[in-house]
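Quick one, fold the following:
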Amino acid sequence: MGAGAAFPFVGKAVDHIEAKVDAVEQAGVTQRVWLIDGTTGVYLAVVLGVLLAFGLLYEVLPTARWGRTLGKKLFGLSVANIEGHDRPGFGKSCLRWLVHGVLGVLVVGLVNVAWCLFDRPWRQCLHDKVAGTFVAKGGTGDSRIRL
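Residues are numbered from 1 along each chain as shown. Next up is the predicted model:
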């Protein structure tokens, strides 16, 4: 999704930065050229806004409301709160999504996802541990997840 949100702006940003570099070279002066300025900053803000909106609409709200996203529903999975085995709610769903995203940006995302292969007894990824959630097989629209 990130690449899809950023794709329309990549060419524009590259052209803008190249034009700035060319202008400095033609002037024959040594000058610092910033990659983030008023133009590229707007592009970055739009991309981040799209990513936040998509994350809230696709991941956070469905997880808080039904305990799963469309993808989890297709695979018969649900996200549950460890304490009561019910849906995690908005706060925990948002925290879970944010930690997953931050770990992915920090290039620890692979460790985060692989963590569940070795974790016992809940098989939680790191973002699940932080949010106090786990992924369960099955589940319904009921308030409690069947384990």
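
Now do the SS call for residue 136.
strand (DSSP: H, G, I helix; E, B strand; the rest coil).

didn't it look like it was pressed against residue 82?
No. Contact between residue 136 and residue 82 fails when scored by Cβ atoms under 8 Å: they sit 10.4 Å apart. For the C-beta atoms, the positions are set from N, CA and C on the backbone; glycine is no exception.

These two - which one has more neighbours?
residue 136 (20 against 15; other Cβ atoms under 10 Å).

Find the centremost residue of this structure, please.
residue 101 (3.6 Å; Cα atoms, centre = their mean).

Could I get the average pLDDT for the host helix or strand of that residue?
Per DSSP states H and E: residue 101 is located in helix 89-105. For helix 89-105, mean pLDDT rounds to 94.

Check which helices and strands that helix sits against.
In this structure, helix 89-105 packs against helix 61-66, strand 77-81, helix 109-118, helix 126-131, with contacts taken as 3 or more Cβ pairs under 8 Å, 6 or more residues apart in numbering; DSSP states H and E.

What about residue 124, how many residues nearby?
19.

which residues does it contact?
115, 116, 133, 134, 135 (Cβ atoms under 8 Å, 6 or more residues apart in numbering).

Identify the residues contacting the fourth one.
Think residue 134. So residue 134 contacts 79, 80, 82, 122, 123, 124, 128 (Cβ under 8 Å, 6+ apart).

distance of the closest residue to it other than its chain neighbours from residue 88?
Nearest non-adjacent residue to residue 134, counting by Cβ to Cβ, 6 or more residues apart in numbering: residue 122, 4.4 Å away. According to Cβ to Cβ, to the nearest Å, residue 122 stands 13 Å off from residue 88.

neighbour-wise, which of those two wins?
Shown here are residue 122 and residue 88; by other Cβ under 10 Å, residue 88 has more neighbours (27 against 15).

out of everything not next to it in sequence, what's closest to residue 43?
Spatial nearest neighbour of residue 43, excluding adjacent residues (Cβ to Cβ, 6+ apart): residue 9 at 4.1 Å.

In CSV, list the helices and strands packed on helix 89-105 along with mean neighbour count, mean pLDDT and distance to residue 54.
Below are the helices and strands packed on helix 89-105 laid out as CSV (neighbours: other Cβ atoms under 10 Å; pLDDT from 0 to 100; distance: least, Cβ to Cβ, whole Å):
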stretch, mean neighbour count, mean pLDDT, distance to residue 54
helix 61-66, 18, 97, 11
strand 77-81, 23, 96, 18
helix 109-118, 14, 91, 17
helix 126-131, 22, 96, 17
